[in-house]
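*Asks:* can you look at this prediction? I've put the sequence above it.
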Number of protein chains: 2
Amino acid sequence: MPTTHPETRAAEPGPDEPNALSTDTLGVQTSTTQQSPVAATVTTRPDAPTGSGTFVFDFADGNKDLKDLLGGKGANLAEMTNLGLPVPPGFTITTDACRWFLLHDEEPTELAVQMEEHLSRMESRLGRTLGDADDPLLLSVRSGAKFSMPGMMETVLNVGLNDASVEGLATHSGDPRFAWDSYRRLVQMFGKTVLGIDGARFEERLDAKKAAHGSTNDLSLDADDLRALVAEYKDVVRAETGRDFPQDPREQLSMAVLAVFRSWNTDRARLYRRQEKIPDDLGTAVNVMAMVFGNLGDNSGTGVAFTRDPASGRPGSYGDYLEKAQGEDVVAGIRNTLSLDDLARIDPASHTELQRIMHVLESHYKDLCDIEFTIERGRLWMLQTRVGKRTAAAAFRIAVQLVDEGVIDMDTAVTRVNGHQLAKLMFPQFDPKADRTLLATGMAASPGAAVGRAAFTSETAIEWAANGDDVILVRRETNPDDLGGMVASRGVLTSRGGKTSHAAVVARGMGRTCVVGVEALRVDPKHHEVTTTDGRRFAEGDVISIDGTNGEVYLGAVPVSPSPVAEVLRGETLDGRIDADEHELLDAVQRIMDHADARRRMGVRANADTPDDAAKARGFGASGVGLCRTEHMFLGSRRGIVERLILARTPDARNAALQELLPLQREDFVGILEAMDGLPVVIRLLDPPLHEFLPDFTTLSVKVAVAEALGKRDAEAEELLRQVQRLHEQNPMLGTRGVRLGLVVPDLFQLQVQAIAEASARLKKAGKDPRPEIMVPLIATVEELVVIRHESEKTLARVATETGVDLHIPIGTMIELPRAAMTAAQIAEEADFFSFGTNDMTQTVWGFSRDDVEAAFFPQYMEHGIFSVSPFESIDVAGVGRVVGIAAWEGKEVKPDLTVGVCGEHGGDPDSIHFFESIAIDYVSCSPFRVPVARLEAGRASILGSTQVASDTR
Amino acid sequence: MPTTHPETRAAEPGPDEPNALSTDTLGVQTSTTQQSPVAATVTTRPDAPTGSGTFVFDFADGNKDLKDLLGGKGANLAEMTNLGLPVPPGFTITTDACRWFLLHDEEPTELAVQMEEHLSRMESRLGRTLGDADDPLLLSVRSGAKFSMPGMMETVLNVGLNDASVEGLATHSGDPRFAWDSYRRLVQMFGKTVLGIDGARFEERLDAKKAAHGSTNDLSLDADDLRALVAEYKDVVRAETGRDFPQDPREQLSMAVLAVFRSWNTDRARLYRRQEKIPDDLGTAVNVMAMVFGNLGDNSGTGVAFTRDPASGRPGSYGDYLEKAQGEDVVAGIRNTLSLDDLARIDPASHTELQRIMHVLESHYKDLCDIEFTIERGRLWMLQTRVGKRTAAAAFRIAVQLVDEGVIDMDTAVTRVNGHQLAKLMFPQFDPKADRTLLATGMAASPGAAVGRAAFTSETAIEWAANGDDVILVRRETNPDDLGGMVASRGVLTSRGGKTSHAAVVARGMGRTCVVGVEALRVDPKHHEVTTTDGRRFAEGDVISIDGTNGEVYLGAVPVSPSPVAEVLRGETLDGRIDADEHELLDAVQRIMDHADARRRMGVRANADTPDDAAKARGFGASGVGLCRTEHMFLGSRRGIVERLILARTPDARNAALQELLPLQREDFVGILEAMDGLPVVIRLLDPPLHEFLPDFTTLSVKVAVAEALGKRDAEAEELLRQVQRLHEQNPMLGTRGVRLGLVVPDLFQLQVQAIAEASARLKKAGKDPRPEIMVPLIATVEELVVIRHESEKTLARVATETGVDLHIPIGTMIELPRAAMTAAQIAEEADFFSFGTNDMTQTVWGFSRDDVEAAFFPQYMEHGIFSVSPFESIDVAGVGRVVGIAAWEGKEVKPDLTVGVCGEHGGDPDSIHFFESIAIDYVSCSPFRVPVARLEAGRASILGSTQVASDTR
């Protein structure tokens, strides 16, 4: 538990990090600022910049910790400079200068002066002058914000060339082709990024020139071609902007810097920031560096490299090299690249130096680094470095390799991987070498690779699955009626809905592969076929394959490779089935999981409604069942009993339904308690929206009306309709659910309590150790719990007397309504434990129901940047998180030994788990398949603590 | 504004008052503990009692401020004793003793000792001994908790009589009939309340005795009759309890005291406390007093009196007197009572003394007192006093009388009345003298007296009202479709639903008289008639009358008297139409309202959607419109346009609908801004649940299916059904509403903004002073507001340019979702004002929709004591209030000049207004008719401050 009341922490200054989600090494969203869970979220804004001060830093004056001021690129250039690595001289213009400019629409007066000073220093150091007609100094100008950001201007190379200096460069380099190629590049880049001319205007002229030579390779152009191309480019500039390409090198530099500043505020950059929750007022830095030339003759070139293989994680450097090229050519893929081994052959000295530098960098950053380098006439220059992105498998292997090499400790290794990566490794995947026929692509909603016969209704899916077929349930969209069909299927495919649709959410919850929103598909259940917008079709019963990792749908069966990681995590042995790489990976995963388990404070339980799920969860390392949803036990064949129970108008009718349910429920509980013997099983009393257990009001109305219209009145249906109408709710989500139903339908909850008690007694008599806990759903006010608790204690005492078995069963409550959270102190007095239902809490805190809003406005909200991630996927820290934090704190304040868990889906979401750690939640509960993910993230959260950032390496 | 951050106030110790609603002088619920609005509600519990200390207080040792320890009755007896008034000697056993007893199921050991000491002191002082066979001391034993509580044992008189002492009493008093009557009363009361024997066992024997004399008057029984009756009563005790009536006077006393203690925990008392939010651990005191006898001969009697007339408020004492009787006879109404004037004639000395004492009490308590007294053989004794209950009219008159008499100041006078009383005075009422035929009785849902023709559908109501008829809308229950019909009607009558049903809530909101839940009525719209369970009926079109103050329904027209108070408050003059009493009342109301206005901090605005309502509100003293619901402007005939707008699938179709709406909206705004010229008008952009503007999904489905079944397919209806199905929501309350609709339907909000701007511009050009403010509904996150604000500012700038009129229109937001409240600090940065929609906030904080839950489980919840009042009627301080308090505080913290109002219905609820004062809300907004109520309560709240209690006089 935190040691100060969270409400007193409201005024604490936040860390300097923005209130933003950062992307860690593999694009994982991680909250970079741990909010005080109870106080309101306060966006920490930098102070407004002042118009004076230091706006320009020499590379030698910075370091890697100055990312706020120098941006990521500038800070790492400074770090390399100070490590003595060969970085071309240069300086960084700070984010403060940018922010001043954006606020006042003019540069701070001192900026020009300081830039001139630094430029002069570079000139005297290099013995070359910007714009010199004989031997000009040329510059690169690159943006470099704290977080890399698409939509911002990136780079202008060769600043300083003009009609005069290009001749000097040609003479001095002895390579006129190089000089004119450089000038051509400057005009093109400057025209596009600084002057805002459509890049195609230049591309088409370049292509025409190459075509005239019958080639597509730029090396086919000679100096004269390029000189002519420059003339054409300058015509383009004049035609498009009404003025000539600027010949003054200092004007070029100044315009480029301001263009970088301005690019901070393009619509695309703004939208990106809104989506990524990056504050608008950070600003970008600008890096100005002396040009080095990979396109200067035969012993020049440029490349990118990684200190280890970022794909497989194998040790040993890895990279691409392109001779006679500048940096952007590698990325643009204009020619096939060479490998680092080729470089060793071509230029062994540079290769050796590169290997040395990579070793220095990895030792220094203690992690995989990626770098950009250029070789100019045999001399190696470092242009950029950063901690490199990598695949999931590589992340695990590299982390453990670094431990074994003594570079980092196991704590650090655990922070170098994450749950998203682990989840990827756990899912089976399609054999990458196999042939396949792509049919359409939708949204990847729940990962995995599933193959089966397409079934268009849940009934069909259940029937075919019962016959032993693998089935893919294919629906326009799913609803609660499809639960049985989803359980029976290997995967779920819908033509509508997004990542938070019913299909997506439920499939993720049960670990089924799911692809949603495949809009190219038209599902026609009436004619038992699916057609695509491009005219193809498949029939019900045909085999299809769906890939929940990339959203692809294939016709026919694609071979699937099982995940050895999942098998090992479930405690299976794999023997000789794996190769050395896989062996190293499995070993790495196991070691990291062991360490995460050793370090984690939070428990990890599973949401499980059946003995099978409970056993599976136990295999995956769950230390109990955090949520057993009894309403799931009532769907399917027992639904009729529940319908009779709800519609019962006499105590006798109600009692008959209850007596029918009792033995079934008792068996349910015996099974699940046996599977979790010795571990806690939190059983939630019935929490169904009424309408899920009643015939659909509209369907029934139609049936009755049609029968009447045809003169065949159906008295039974009419009576049923009257009952359903009586119970019909405008907003079932806000209706008679949970404890309300328990208070309105006498004996219902007590039947369940009796079944739990009798199951326990039977198991105890058989020498087992059942540990059920009773959870009351949808409490809004303590008085509800008082009444149910009182009745339940009487029931437990009665069963204890009848069976002669001691029964001490804790009674606690869901906290899933804002009011319960706000009055948690009162509720804690009556509850043995809390479990936060963050799904429902999200619905009421935001005032929208998942069933309704996802399709209706989430897409527009994502587009407007109002959401970057659905609050149903990752907990909304500022709203829902604050409410949960208040309740957790105030509950424990009243009752320090109150167990506080989370059983909403957020319990299996990595970012959410870090938040739960920060508010001292005791355990999370998630679907069985997510248990290893939660174990890993709980370990990471413990290690990272509540204030440190998982990763800020982007 | 409070001067410390509310979150830091969480740990402040609460006052000693319980966390309870107390009933002030006329049964008005007032929160007796002002909670910190932000911190959780903490029930302040008394410390556990210890087993030693002072458990018995002589009347002379207490005072009126010791109600916690001595209960209300004991504290006031002590006060009178110390005023030198003739109170029979006695003592009070403290609540601590009771609490110890209830905790340990035995008396604290010192209690018996202390009682014996006090008893001895009484005996020596009075020269009589308990149980003495010659001249016995007799005692009364009465319960007396801090709050008077039905369900608790109340009184046992004549303790100390037994078979021996009754003879002594007979001899000593010289009145054997009196002695045996006293003994008879003891056995009867003791048997019933201490021994738990059914009172009927005694009543039937008493009645038989009287019948034997051919009389129903107890004075017809002589001493012998009564002696025989005592013997019969003792047989009853033996038969019912298996033991004899206890003869030991000390055993009688001890048993009576413990019976009072035990009565604290009867089911009825517990339920009452749960309903009234009185803590269970307060305990009751017990008052033991020497008996004085109103039944001791001719110059004895007993009575109750008020220091002024509690019905009319006229000065001069008022009371009932009964000769030869004990206290309970007056209440039981066994004989007709006499007046105080009769007493002056019968016993002038006692009457003079009584008048003197009443003067002393009123001067001392500075308020109307009621008293119980007994005259024993010409000597006057005071048995009880308290500040007396009174009618609404009396409350106003007495408060101002006391000011004019110099007893209290105007501040105090304002606190002596309340909004509930004012509201009662404002409604027209049926002439009390007129004849009437009662048809049935339901729940009084919205006060007033309405007469009109019964219309069974909204269409009929609208049609008849258009023809100039007064109409009562009679429905089984109402739904949003009935809004037009309700507007057209004088009153609304439903056979189903409770005080929070749609009918009740909407009728209260629009000030229509409403009676709901008249279960004896069967509404049969098909046959155009209503039948009652007792077989009577009336047809559609027949005239009925409904009384919204007592829930009665009459056949035919009952004459109605208008409320002069309402007329005066609306600024009308009444001339000679009123009598002197009414004149004094109107003067009192006016003076109190003037003072409340002068003292109040909060503004009072009105919720008004039409120019008429706005004008009415202005008449009632509203200082602006706090909520103009534009969706109300779209119901009725314009609904089709909105339907077309929502269903539009092309920009052209949408635009056509918008262009149709624009001039209509502009006229709407011109009208309302003109009516409120110079005052703010907060216009909420469209906030309709989608389904309210679309054809009903089920009805349409039935229509289409029936047409198809009959082979008459309706292509148009089928297409409409597809559209409606596409937009159909499972939970419309949690669906695409408010700002979500504004973000999903492009241009909709901007059309409204344009209409507001154009209306303003036109009025400004005409020399008016329009002050519109734009309010964005259903904001959950600041990003939504950012987008709408940005668009709206562009629209306003455009209209300003087009019209050449300066337009500075504030843009603010509803805070009606928990998430908006939790992130209020962020939202405040983008909002010019907040307005709390506490209705919707209640729905999401509690997770129930008013439409669904009222009928479904509110009745059971009230029964279980989970609610004492619907959270839709009076704000739920612990939950919704806390959320509102957090947002109000944090919004102002960020932006100190942020205007923060409340426009939910709670804005017109007295208790809620006091809460809003405590959290420094700037204004409340309510329906026009509630404006005077809100003005008064805002004044009271200012005067009472945030920690003082309105009244604790019960």
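*Replies:* All right, it came through fine.
*Asks:* when you work out contacts or count neighbours from here on, use the C-alpha atoms and nothing else.
*Replies:* OK.
*Asks:* against chain B, how distant is the residue lying closest to A:M410 once chain neighbours are set aside?
*Replies:* Distances taken as Cα to Cα, 6 or more residues apart in numbering or on different chains place A:V403 nearest to A:M410, at 6.4 Å, with adjacent residues excluded. Distance from A:V403 to chain B, counting by Cα to the nearest Cα, to the nearest Å: 43 Å.
*Asks:* A:V403 contacts A:D411, doesn't it?
*Replies:* No - proximity of A:V403 to A:D411 does not meet the contact threshold set by Cα atoms under 8 Å, at 9.6 Å.
*Asks:* still on that earlier bit, what's the helix or strand for the residue nearest to A:M410?
*Replies:* Per DSSP states H and E: A:V403 is located in helix A:392-404.
*Asks:* what packs against that helix?
*Replies:* Using 3 or more Cα pairs under 8 Å, 6 or more residues apart in numbering or on different chains; DSSP states H and E as the contact criterion, the secondary-structure elements in contact with helix A:392-404 are helix A:410-415, helix A:419-426, helix A:580-599.
*Asks:* got the angle for it vs helix A:580-599?
*Replies:* Direction vectors for helix A:392-404 and helix A:580-599, defined by axes from the mean of the first three to the mean of the last three Cα atoms, to 10 degrees, enclose an angle of 70 degrees.
*Asks:* enumerate the positions of helix A:392-404 that are buried.
*Replies:* Judged by neighbour count (16 or more other Cα atoms under 10 Å in any protein chain shown), helix A:392-404 contains these buried residues: A:392-403.
*Asks:* and which of these is nearest chain B?
*Replies:* Taking Cα to the nearest Cα as the measure, A:A392 is the one of those closest to chain B, at 33.8 Å.
*Asks:* quick one: residues contacting the closest one.
*Replies:* Each residue near A:A392 by Cα atoms under 8 Å, 6 or more residues apart in numbering or on different chains is listed here: A:26, A:417, A:421-422, A:424-425.
*Asks:* can you list those in TSV and add neighbour count and distance to B:P136?
*Replies:* Supplementary listing: the contacts of A:A392 in TSV, determined by neighbours: other Cα atoms under 10 Å in any protein chain shown; distance: Cα to Cα, whole Å:
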residue	neighbour count	distance to B:P136
A:L26	17	96
A:V417	27	92
A:Q421	19	93
A:L422	24	91
A:K424	19	94
A:L425	20	95
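*Asks:* what's the closest of the residues you listed to chain B?
*Replies:* A:L26 (27.5 Å).
*Asks:* and B:E540, which of the helices and strands packed on helix A:392-404 is closest to it?
*Replies:* Across the helices and strands packed on helix A:392-404, B:E540 has its closest neighbour in helix A:419-426 (67.9 Å, Cα to Cα).
*Asks:* what mean pLDDT does that closest one have?
*Replies:* Per-residue pLDDT values over helix A:419-426 give a mean of 91.
*Asks:* just checking the distance from the following helix or strand past it to the centre of its chain.
*Replies:* Proceeding N to C from helix A:419-426, the next assigned helix or strand is strand A:429-430, under DSSP H and E. From the chain centre to the centre of strand A:429-430 is a distance of 21 Å (Cα atoms, centre = their mean, to the nearest Å).
*Asks:* mind listing the strands for the stretch 501-650 of chain A?
*Replies:* Under the criterion DSSP state E, counting those that start in this stretch, strands of the stretch 501-650 of chain A are mapped to A:513-516, A:521-524, A:529-532, A:537-539, A:543-547, A:552-555, A:560-561, A:603-607, A:625-629.
*Asks:* any chance of the ones you listed in JSON lines with distance to chain B and mean neighbour count as columns?
*Replies:* Formatted as JSON lines, those follow (distance: least, Cα to the nearest Cα, whole Å; neighbours: other Cα atoms under 10 Å in any protein chain shown):
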{"stretch": "strand A:513-516", "distance to chain B": "18", "mean neighbour count": "32"}
{"stretch": "strand A:521-524", "distance to chain B": "16", "mean neighbour count": "20"}
{"stretch": "strand A:529-532", "distance to chain B": "20", "mean neighbour count": "18"}
{"stretch": "strand A:537-539", "distance to chain B": "24", "mean neighbour count": "17"}
{"stretch": "strand A:543-547", "distance to chain B": "27", "mean neighbour count": "27"}
{"stretch": "strand A:552-555", "distance to chain B": "26", "mean neighbour count": "20"}
{"stretch": "strand A:560-561", "distance to chain B": "37", "mean neighbour count": "15"}
{"stretch": "strand A:603-607", "distance to chain B": "23", "mean neighbour count": "30"}
{"stretch": "strand A:625-629", "distance to chain B": "20", "mean neighbour count": "26"}
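*Asks:* would you mind giving the ones you listed as TSV with mean pLDDT and distance to A:V745 added?
*Replies:* Formatted as TSV, the entries for the strands of the stretch 501-650 of chain A read as follows, by pLDDT from 0 to 100; distance: least, Cα to Cα, whole Å:
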stretch	mean pLDDT	distance to A:V745
strand A:513-516	92	37
strand A:521-524	89	41
strand A:529-532	91	44
strand A:537-539	91	46
strand A:543-547	96	44
strand A:552-555	94	46
strand A:560-561	87	49
strand A:603-607	97	26
strand A:625-629	96	19
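*Asks:* now render these as TSV, adding distance to B:R490.
*Replies:* As requested, the strands of the stretch 501-650 of chain A are arranged in TSV below (distance: least, Cα to Cα, whole Å):
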stretch	distance to B:R490
strand A:513-516	54
strand A:521-524	54
strand A:529-532	58
strand A:537-539	63
strand A:543-547	64
strand A:552-555	63
strand A:560-561	73
strand A:603-607	56
strand A:625-629	50
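*Asks:* closest to B:I809 out of those?
*Replies:* Taking the strands of the stretch 501-650 of chain A one by one with Cα to Cα, strand A:513-516 is closest: 44.5 Å.
*Asks:* please name every helix or strand in contact with that closest one.
*Replies:* For strand A:513-516, the elements it packs on are strand A:443-446, strand A:491-494, helix A:502-510, strand A:543-547, judged by 3+ Cα pairs under 8 Å, 6+ apart.
*Asks:* what pairs with that strand, and is each one parallel or antiparallel?
*Replies:* Under the criterion DSSP bridges, strand A:513-516 sits next to strand A:443-446 (antiparallel), strand A:491-494 (parallel) in its sheet.
*Asks:* just how off-centre is stretch A:253-260 within its chain?
*Replies:* Between the mean C-alpha position of stretch A:253-260 and that of its chain there is a distance of 35 Å (Cα atoms, centre = their mean).
*Asks:* mind listing what's buried along that stretch?
*Replies:* For stretch A:253-260, the buried set under the neighbour-count rule, 16+ other Cα under 10 Å, comprises A:253, A:255-260.
*Asks:* okay, those residues in CSV with secondary structure, pLDDT and distance to chain B next?
*Replies:* As requested, those are exported to CSV (DSSP: H, G, I helix; E, B strand; the rest coil; pLDDT from 0 to 100; distance: Cα to the nearest Cα, whole Å):
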residue, secondary structure, pLDDT, distance to chain B
A:L253, helix, 96, 35
A:M255, helix, 95, 30
A:A256, helix, 95, 30
A:V257, helix, 96, 29
A:L258, helix, 94, 26
A:A259, helix, 93, 25
A:V260, helix, 93, 25
